[in-house]
Each structure stands twice: as structure tokens, then as C-alpha cells.
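**Student:** fold the following.
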Amino acid sequence: MNEIIIKYDKYVRYGISFGSALAMVISYDKNHSVLWAILHGFFSWLYVLYYVLFQS
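**Tutor:** Okay, the predicted model is just below:
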């Protein structure tokens, strides 16, 4: 049971990190602003979903 929790924790951590990085790259490419990129990185997957649904 502990092994399953450790693997789940690792995947969640990497998913959150990847989502933040992806959101920051998309935001910077669109807005050319570091401040907006940081803000969108904070919201990570929410911004990525918004961009896919409404901006592409």
C-alpha cells in the first residue's frame, strides 16, 4: 500500500510541475510578459485548459 502512495505522489508532483511549466511557456509566448507567465504558472493546468478551449 505504501508503494502505491509513493508512486502516486511522484506522478502528481511531476504533473503539477509539468503543468506549471507548460502554462508559463504558453503565457510568455502569447503575452511576452514574465509577470503574466508567473501568474499563469501559479494557476497551471487551469490556464492550459483555458488556452486549449478558448484560444487555439
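**Student:** name the element the nearest residue to residue 39 once chain neighbours are set aside belongs to?
**Tutor:** In space, not counting the residues next to it along the chain, residue 39 is nearest to residue 27; the distance is 7.7 Å by Cβ to Cβ, 6 or more residues apart in numbering. C-beta here means a position set from N, CA and C on the backbone, and glycine is covered the same way. If you go by DSSP states H and E, residue 27 is part of helix 2-31.
**Student:** what about that helix, average pLDDT?
**Tutor:** Taken as a whole, helix 2-31 has a mean pLDDT of 76.
**Student:** residues making contact with the helix or strand that comes right after that helix?
**Tutor:** Per DSSP H and E, the first helix or strand lying C-terminal to helix 2-31 is helix 34-43. Here helix 34-43 makes contact (Cβ atoms under 8 Å, 6 or more residues apart in numbering) with 20, 21, 23, 24, 25, 26, 27, 28, 31, 47.
**Student:** which residues touch the residue most central in space within the chain?
**Tutor:** Taking Cα atoms, centre = their mean, the centroid of the chain lies closest to residue 19, which sits 2.1 Å from it. Applying Cβ under 8 Å, 6+ apart, we find residue 19 in contact with 44, 45, 48.
**Student:** picking up where we left off before, which of the contacts of helix 34-43 count as buried?
**Tutor:** Buried members of these, counted by 16 or more other Cβ atoms under 10 Å: 20, 23, 24, 26, 27, 28, 47.
**Student:** distance to residue 35 added to those, as TSV?
**Tutor:** Output for the buried ones among the contacts of helix 34-43, formatted as TSV (distance: Cβ to Cβ, whole Å):
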residue	distance to residue 35
20	15
23	14
24	11
26	15
27	10
28	10
47	14
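**Student:** good, we can wrap up now.
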